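> sequence and predicted structure are below.
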Amino acid sequence: RKEVEQDPGPFNVPEGATVAFNCTYSNSASQSFFWYRQDCRKEPKLLMSVYSSGNEDGRFTAQLNRASQYISLLIRDSKLSDSATYLCVVNTNAGKSTFGDGTTLTVKP
Amino acid sequence: EAGVAQSPRYKIIEKRQSVAFWCNPISGHATLYWYQQILGQGPKLLIQFQNNGVVDDSQLPKDRFSAERLKGVDSTLKIQPAKLEDSAVYLCASSLRGSGANVLTFGAGSRLTVL
């Protein structure tokens, strides 16, 4: 079993749709959680951190359920520019960052 | 702030040849990572340095891969001899410190094709 698992998709949605991605992790000692975004043939870039209380950044909402070892990302009012691969990342307290294989989103006009 | 620099951006070699990739992290970043990303997969950690010491190299295929970070700044990743399955993008990343809350900044990557 992989340490970090994501639904690979692809998710194909129209502009304006709401879409949710899920991620599960196996290491119960994991400390910090993030979502990164990776555009085609580019490097991953931080999208947002994920806090236990849940957090929101504009159209993006991230949630963490430590008991279920589950992380989610919700994108509201999808834009064409949201098309990318979204990577779930889990950190240990030693700073080791483990990436999921990503979920691919395509937003269509 | 200058980003993470990597070179070369592209490299094509034949199997059994050797290749080296170079990385210069963001100034002041103590932690440096090398990841391998195969097409369709997420980045997989090869090695993590804290200053010039190795923190984690458990997934580095040590029979053919080696990495060093002399003086705690630049780093080099070498593959010798290369295999077809080494075709991937090699991503270097750095972070301010190697703690649980650290955020990684990646370089543009070095794309390796092994023929």
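On my side now, so go ahead. Residues are numbered from 1 along each chain as shown, chains lettered A, B, ... in the order given.

> only C-alpha atoms for contact and neighbour calcs from this point on.
Will do.

> quick one: the closest residue to A:Ser28 other than its chain neighbours from A:Thr103, how far?
Counting by C-alpha to C-alpha, 6 or more residues apart in numbering or on different chains, A:Gln69 is the residue found nearest to A:Ser28 once chain neighbours are left out, at 7.1 Å. Distance of A:Gln69 to A:Thr103, given as C-alpha to C-alpha, to the nearest Å: 18 Å.

> how much space separates B:Asn51 from A:Ser81?
From B:Asn51 over to A:Ser81 the distance is 37 Å, taken as C-alpha to C-alpha.

> okay, those two: which has more neighbours?
Neighbour count, other C-alpha atoms under 10 Å in any protein chain shown: between B:Asn51 and A:Ser81, B:Asn51 has more, with 20 against 11.

> so for that one, what's the nearest residue that isn't a sequence neighbour?
Once flanking residues are discounted, B:Asn51 sits nearest to B:Gly72: 4.3 Å by C-alpha to C-alpha, 6+ apart.

> one more: A:Asp77?
Of all residues not flanking A:Asp77 in the chain, A:Gly16 sits nearest, at 3.9 Å (C-alpha to C-alpha, 6+ apart).

> let me know the secondary structure of that neighbour.
What DSSP: H, G, I helix; E, B strand; the rest coil gives for A:Gly16 is coil.

> does it touch A:Lys79 like I think?
Yes: if you go by C-alpha atoms under 8 Å, A:Gly16 and A:Lys79 touch, sitting 6.5 Å apart.

> and those two? which has more neighbours close in?
A:Lys79 (18 against 15).

> mind listing what that one touches?
Counting by C-alpha atoms under 8 Å, 6 or more residues apart in numbering or on different chains, A:Lys79 makes contact with A:Glu15, A:Gly16, A:Val107.

> and it, what pLDDT?
The model reports A:Lys79 with a pLDDT of 98.

> please enumerate the helices of chain B.
Here chain B has no helices by DSSP state H.

> list, one by one, the residues from it near chain A.
Within reach of chain A by C-alpha under 8 Å from any C-alpha of the partner chain, chain B has these residues: B:40-45, B:48, B:56, B:91, B:97-109.

> quick one, which of those are buried?
B:42-45, B:48, B:56, B:91, B:97-109 (16 or more other C-alpha atoms under 10 Å in any protein chain shown).

> pLDDT below threshold where in chain B?
Along chain B, the model assigns pLDDT under 70 to residues B:1, B:98, B:100.

> likewise chain A?
In chain A, no residues with pLDDT under 70.

> how about the strands of the chain, start to end?
I went with chain A, as the question did not name one. Ranges of strands in chain A, per DSSP state E, are A:4-6, A:11-14, A:19-25, A:32-38, A:45-50, A:55-57, A:60-65, A:70-75, A:84-91, A:97-99, A:103-108.

> that's the other chain; I wanted chain B
Under DSSP E, chain B gives strands at B:5-7, B:10-13, B:19-24, B:31-37, B:44-50, B:53-56, B:65-68, B:75-79, B:88-95, B:105-106, B:110-114.

> same list, these, but as CSV with distance to A:Pro8 please.
Written out in CSV, the entries for these read as follows (distance: least, C-alpha to C-alpha, whole Å):
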stretch, distance to A:Pro8
strand B:5-7, 28
strand B:10-13, 27
strand B:19-24, 30
strand B:31-37, 15
strand B:44-50, 16
strand B:53-56, 27
strand B:65-68, 29
strand B:75-79, 29
strand B:88-95, 19
strand B:105-106, 22
strand B:110-114, 23
